[in-house]
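>>> Kindly generate the corresponding structure for this input.
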Amino acid sequence: MFFMNINLVAVLIAAIVSMVIGFVWYSPWFFGKAWMKSMGVVPGPEADAKKKGMWKTFLSSFLLTIVTSYVVAVIVNSVFMRDIYSAIVTGLTLSIGFIVSVRLNDKLFTPMSWTPFLISTGYYTLSIVVMTIVNALFS
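The predicted structure is shown next:
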């Protein structure tokens with residue numbers, strides 16, 4: 001069925017690439033400072049204390065990213081996608097349908113400003129598109 005023939009190496013590679021994109025996306029050189037400011041995160045002694053337990057957060061995030069990548073691989077496998085153009089279109093479609101719409105709905109019901117919404121949604125959209133490309137090329 002669709003759950004068979006999933007390339008687990010591609011799933012893992014796509015998850016790792018997604019995490020690397022996240023590290024760069026939220027770094028001080030890209031959107032990290034703007035995201036921190038918009039979320040009210042102030043660097044200092046409290047932030048340094050929280051960094052000590054960050055490995056658990058990153059591990060949990062990585063495991064969840066593997067789950068996302070696996071689901072993307074199942075979708076890619078179910079439509080027999082093998083080219084970059086189809087992967088980009090599918091990744092954007094998945095992102096608009098499941099990331100943008102859900103996060104925008106959250107935005108409507110919470111006091112979140114547009115800055116963290118756009119930064120996070122942009123990251124998730126790019127991440128899903130890249131996962132789709134990697135899984136399509138290696139499936």
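>>> can you pull out the strands in this protein?
Taking DSSP state E to define them, one finds no strands in the chain.
>>> what about it, any weak spots by pLDDT?
Scanning the chain for pLDDT under 70 picks out the ranges 1-3, 44-51.
>>> Which stretches in it count as helices?
For the chain, applying DSSP state H gives helices covering 8-25, 32-39, 45-51, 54-78, 84-94, 101-109, 114-138.
>>> ok, residues contacting the fourth one?
This means helix 54-78. Applying C-beta atoms under 8 Å, 6 or more residues apart in numbering, the contact partners of helix 54-78 are 2-3, 5-7, 10-12, 14-15, 18-19, 22, 87, 90-91, 94, 127-128, 131-132, 134-136, 139. Heads up, the C-betas are built off the backbone N, CA and C, glycines and all.
>>> Give me the buried subset of those.
6-7, 10-12, 14-15, 18-19, 22, 87, 90-91, 94, 127-128, 131-132, 134-136, 139 (16 or more other C-beta atoms under 10 Å).
>>> From Val71, how far off is the residue lying closest to Leu94 once chain neighbours are set aside?
Sequence neighbours aside, Ile128 is the residue nearest to Leu94 in space, at 5.4 Å (criterion: C-beta to C-beta, 6 or more residues apart in numbering). Here the criterion is C-beta to C-beta, to the nearest Å. By it, Ile128 lies 10 Å from Val71.
>>> correct me, but the residue nearest to Leu94 touches Gly97?
No. Under the criterion of C-beta atoms under 8 Å, Ile128 makes no contact with Gly97, lying 10.1 Å away.
>>> Return the most buried member of the helices of the chain.
When you average the neighbours per residue for each of those (mean count of other C-beta atoms under 10 Å), helix 114-138 leads with a mean of 20.
>>> Give me the angle between that one and helix 32-39.
Calculated by axes from the mean of the first three to the mean of the last three C-alpha atoms, to 10 degrees, helix 114-138 forms an angle of 130 degrees with helix 32-39.
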